[in-house]
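>>> No letters, just coordinates:
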């Protein structure tokens, strides 16, 4: 992958993290939030963050 693709991946993953954080926020506002769903989204956020770190490493950041 070229640098352009790594930067695009970082932007995409950052956007996905923001979307998942919003989903978690909305779920927590419910009277009885689904903890299983929240845990799932938190695991995905961790995976996205790892992907960002790998892309940054490849870019030399």
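Arrived safely. Quick caveat, the model's predicted, so the values are computed rather than measured. Numbering: from 1, shown residues only.

>>> Please name the nearest non-neighbouring residue to residue 14.
Closest residue in space to residue 14, ignoring its immediate chain neighbours: residue 52 at 6.7 Å, by C-beta to C-beta, 6 or more residues apart in numbering. Placement of C-beta: from N, CA and C, glycine included.

>>> residues near the one you found, how many?
Other residues within reach of residue 52 by the criterion other C-beta atoms under 10 Å amount to 20.

>>> Begin at 40 from now on, thanks
Happy to do that; since the first residue is 40 now, the last one works out to residue 91.

>>> Contact partners for it?
By C-beta atoms under 8 Å, 6 or more residues apart in numbering, residue 91 lies in contact with 48-49, 52-53.

>>> Need the three-state assignment for the residue of the chain most remote from its centre.
Ranked by distance from the centre of the chain (C-alpha atoms, centre = their mean), the top residue is residue 70, with 25.2 Å. Recorded secondary structure, residue 70: coil (DSSP: H, G, I helix; E, B strand; the rest coil).

>>> show me the contacts for it.
Neighbours of residue 70 in contact, by C-beta under 8 Å, 6+ apart: none.

>>> Write the PyMOL selection for whichever of the contacts of residue 91 are buried.
Per 16 or more other C-beta atoms under 10 Å, the buried members of the contacts of residue 91 correspond to this PyMOL selection:
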select buried, resi 48+49+52
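
>>> Can you lay out the contacts of residue 91 as CSV showing distance to residue 86 and pLDDT?
What follows is those, written out as CSV (distance: C-beta to C-beta, whole Å; pLDDT from 0 to 100):
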residue, distance to residue 86, pLDDT
48, 13, 95
49, 14, 96
52, 9, 98
53, 13, 98
